[in-house]
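Any chance you could fold what I've pasted below:
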Amino acid sequence: MINKKKSLAIVITLSIFASFCLAASLVILLGLNALSIGNLFAAALTSGYLMVLFKRRDDGYSRYNPGRIQIPFILFGILIIPVIATLSIAIIYSYEIYLVIISLLMPLTFINIMFYLPIAIYEKFLNRDVANNRVLTSIPIISVIVPAYNEEANIKRTLDSIIDSDYPTKEIIVVDDGSTDLTYAIASRYMQTSNHCKITVMRKQNGGKVSAINYGLRFAFGEIIIVVDADSIIERNALKETAKQFQRSGVIAVAGKVKVLNTSNFLTNCTALELVLGANLLRPAFSLLGIVMVVPGALGGFSKKRLMQCGLYDRDTLAEDFDITVKIAKGGGKIVGISAVSYTEAPTTLKAFYKQRSRWYRGIFQTLLKHNDAMRTGRYGVLNKVGYPITVLMFIGPPFLDIILIAFTVLAIAGALSIAFMLSFVLFFAFQFLLCGIAIMMDENKEWKLILYAPFSIIGYKQIINFIVMKSIFDILKQRRRYEW
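Numbering: from 1, shown residues only. So this is what the prediction gives:
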């Protein structure tokens, strides 16, 4: 059996070699060899840094000096170094400003190729046997909490999927959060008709999703808590795969995959591709380090003991799943991902999409502000070194960089596009198609039609997302009103 650390090193080394070959191609085709150096340095450093962190994490290594503020080194690898290198080289070689701007945006693509992709490949193909061969040595009670508000159209199929799951010792707790439709009546029928597991349905005055989950936790007997949204359908093996992860040493939370059930139009297909990219390219690196940053509400498992220790869910942000994840991560332990899927319906109209994403992104920014101490101190381990800084960078950076790119594109068009500028864009699009294709290939269902929407993750859908992110940031900074679920 191949040693885990050696396999990881081999994959990353091959990826670095491939990227140097890519840089050589740029020398021949575009003459952009100098502008590629900054990105390659960044990629090599972050990959090497990740290997060191993985080794320390796997060995249980921890070092913390409470009297010293520690800035995550990874920020220098993926942000500072490429910027300094690119600007310095541009001054020396007198490159056109358009090429300089393009080269500053290229690190985001190289991060995917050099940082996320090698880990994703390792996790999918080299670490696969370890995950597949893991068996349950004990069968603890799992309490599945389903917070519901006006979900009469979805609650039946959600409960059916949980009841049909292949885990024997489970209880289901449905908390109706003051619904004004038939949600409570539909869910209550299961208490009399289901013989497969204990089902409790309770009703409370409307107080929001957080209050519903916390209310359900009062009555939960299981040592493992799984939260499932009332409009989601979980796979049959979801509970069992979650329980397997909690047998691993130090695991405190488990994040399931989320997929779109209704891929029927432009928005839903773009959303589906976005989730495929996130689950198959981005999350494996965080999972390997035990610092998955969001345990989704559609399928998330927690150690009940840790939830109680950290004081349950808070009501001061709109992203309760992100907030509780960061909150429990601060106490130490591993947060990992699993391949089991929860299917959910995505918004089909722009109005509904805007409403959903505004709540998400406002909540994410609220949570980043709330837990900003995770950036300043090494007390929180991998959360400080990788999880929090990368989340901040990838949430705040791309929207504002996109504005700069659009502005300089307009200027370049007005001043007549150069061949190098056009080829840079072609290369950027080619990278995006490559990443989307790899992500789809690594997915269990392989929905190849989604690759047709790859261009919109650069132009179109991306700008919609960026606009909502920026507006959400400004809304929270202005604190114009109190946002609720």
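
low pLDDT regions in this structure?
Scanning the chain for pLDDT under 70 picks out the ranges 1-115, 125-134, 408-409, 411-413, 415-428, 480-485.

Show me where it has its strands.
142-148, 170-177, 198-204, 224-227, 232-234, 251-260, 300-303, 334-344 (DSSP state E).

Can I get the ones you listed in JSON lines including distance to Ala374 and mean neighbour count?
No exception for glycine: its C-beta is placed from N, CA and C like everyone else's. JSON lines is the format used below for the strands of the chain (distance: least, C-beta to C-beta, whole Å; neighbours: other C-beta atoms under 10 Å):
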{"stretch": "strand 142-148", "distance to Ala374": "27", "mean neighbour count": "26"}
{"stretch": "strand 170-177", "distance to Ala374": "30", "mean neighbour count": "25"}
{"stretch": "strand 198-204", "distance to Ala374": "33", "mean neighbour count": "17"}
{"stretch": "strand 224-227", "distance to Ala374": "23", "mean neighbour count": "25"}
{"stretch": "strand 232-234", "distance to Ala374": "29", "mean neighbour count": "24"}
{"stretch": "strand 251-260", "distance to Ala374": "16", "mean neighbour count": "24"}
{"stretch": "strand 300-303", "distance to Ala374": "19", "mean neighbour count": "24"}
{"stretch": "strand 334-344", "distance to Ala374": "14", "mean neighbour count": "23"}
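
now those strands in CSV, with distance to Asn214?
As requested, the strands of the chain are exported to CSV (distance: least, C-beta to C-beta, whole Å):
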stretch, distance to Asn214
strand 142-148, 9
strand 170-177, 9
strand 198-204, 10
strand 224-227, 11
strand 232-234, 19
strand 251-260, 16
strand 300-303, 12
strand 334-344, 20
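
Ala352 and Ser358: what is the separation?
11 Å (C-beta to C-beta, to the nearest Å).

ditto for Ile328
Counting by C-beta to C-beta - Ile328 and Ser358 are separated by 26 Å.

Ok, Leu318 next?
9 Å.

higher neighbour count, the two?
Per other C-beta atoms under 10 Å, whichever of Leu318 and Ser358 has more neighbours is Leu318, with 25 against 17.

how many neighbours does Ile396 have?
16.

Quick one: residues contacting the closest residue to it other than its chain neighbours.
Distances taken as C-beta to C-beta, 6 or more residues apart in numbering put Ile473 closest to Ile396, at 7.2 Å, once the chain neighbours are dropped. For Ile473, the contacting residues are 361, 365, 396, by C-beta atoms under 8 Å, 6 or more residues apart in numbering.

Likewise for Ser358?
Ser358 touches 468, 471-472, 475, counting by C-beta under 8 Å, 6+ apart.

With Val295 instead?
Contacts of Val295 (C-beta under 8 Å, 6+ apart): 253-255, 301-302, 321, 324-325, 335.

Who is the closest residue to Tyr149 other than its chain neighbours paired with across the strands?
Once flanking residues are discounted, Tyr149 sits nearest to Asp177: 4.5 Å by C-beta to C-beta, 6+ apart. Per DSSP bridges, the residues bridged to Asp177 are Lys204.

What separation do you get for Asp177 and Ala187?
Applying C-beta to C-beta to Asp177 and Ala187 gives a distance of 12 Å.

list residues touching both of the two?
In contact with both Asp177 and Ala187: Ala148, using C-beta under 8 Å, 6+ apart.

Which stretches in the stretch 251-400 of the chain count as helices?
266-277, 283-288, 304-309, 320-329, 350-370, 373-376, 382, 388-414 (DSSP state H, counting those that start in this stretch).

and if you look at the stretch 101-250 of the chain?
117-121, 128-132, 155-163, 183-193, 209-217, 238-245.

got the angle between the third one and strand 170-177?
Between the direction of helix 155-163 and that of strand 170-177, the angle (axes from the mean of the first three to the mean of the last three C-alpha atoms, to 10 degrees) works out to 160 degrees.

Just want the angle from helix 155-163 to helix 238-245.
40 degrees.

same thing with the fourth one?
For helix 183-193 against helix 238-245, the angle between stretch directions is 80 degrees (the same axes, to 10 degrees).

CA atoms of helix 183-193 as PDB?
Extracted C-alpha coordinates of helix 183-193, given in PDB (Å, rounded to 0.1, in the frame of the first residue of the first chain):
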ATOM      1  CA  THR A 183     -46.100  21.300   7.300                       C
ATOM      2  CA  TYR A 184     -46.900  20.200  10.900                       C
ATOM      3  CA  ALA A 185     -49.900  18.100   9.900                       C
ATOM      4  CA  ILE A 186     -48.000  16.200   7.100                       C
ATOM      5  CA  ALA A 187     -45.000  15.600   9.400                       C
ATOM      6  CA  SER A 188     -47.200  14.500  12.300                       C
ATOM      7  CA  ARG A 189     -48.600  11.600  10.300                       C
ATOM      8  CA  TYR A 190     -45.200   9.900  10.400                       C
ATOM      9  CA  MET A 191     -45.400   9.500  14.200                       C
ATOM     10  CA  GLN A 192     -48.200   7.000  13.800                       C
ATOM     11  CA  THR A 193     -47.200   5.300  10.600                       C
END
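
picking up where we left off before, out of the contacts of Ser358, give me the one that has the most neighbours.
So for the contacts of Ser358 (other C-beta under 10 Å), the most neighbours sit at Ser472, 24 neighbours.

So that residue versus Phe322, what's the distance?
13 Å.

swap in Arg357?
14 Å.

of these two, who's got more company?
Just comparing Arg357 and Phe322: by other C-beta under 10 Å the higher neighbour count belongs to Phe322, 23 against 19.

doesn't Arg362 make contact with that one?
No. Using C-beta atoms under 8 Å, Phe322 makes no contact with Arg362, being 11.2 Å away.

Quickly list what Val260 is bridged to.
Residues in beta-bridge contact with Val260 (DSSP bridges): Thr344.

Now do the phi/psi pair for the closest residue to Ala148 other than its chain neighbours.
Excluding its sequence neighbours, the residue lying closest to Ala148 (C-beta to C-beta, 6+ apart) is Ala230, at 3.7 Å. Note on Ala230: backbone dihedrals following degrees, to the nearest 10 are phi -70, psi 0.

and Ala230, how many neighbours?
Counted with other C-beta under 10 Å, Ala230 comes out at 27.

what do you get for Thr180?
10.

and if you look at Gly311?
11.

any idea how far the nearest residue to it once chain neighbours are set aside is from Val144?
Excluding its sequence neighbours, the residue lying closest to Gly311 (C-beta to C-beta, 6+ apart) is Lys327, at 7.9 Å. In this view, Lys327 and Val144 are 21 Å apart by C-beta to C-beta.

give the contact list for Val210.
313-315, 320, 485.

In TSV, list the residues you listed along with neighbour count and distance to Leu261.
Converted to TSV, those look like this (neighbours: other C-beta atoms under 10 Å; distance: C-beta to C-beta, whole Å):
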residue	neighbour count	distance to Leu261
Tyr313	21	26
Asp314	15	29
Arg315	15	29
Glu320	23	22
Trp485	17	21
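
Relative to Val294, which of the strands of the chain is closest?
strand 251-260 (6.7 Å; C-beta to C-beta).

got the angle for the closest one vs helix 266-277?
Using the same axes, to 10 degrees: strand 251-260 against helix 266-277 is 150 degrees.

In terms of secondary structure, what does strand 251-260 contact?
helix 238-245, helix 266-277, strand 300-303, helix 320-329, strand 334-344 (3 or more C-beta pairs under 8 Å, 6 or more residues apart in numbering; DSSP states H and E).
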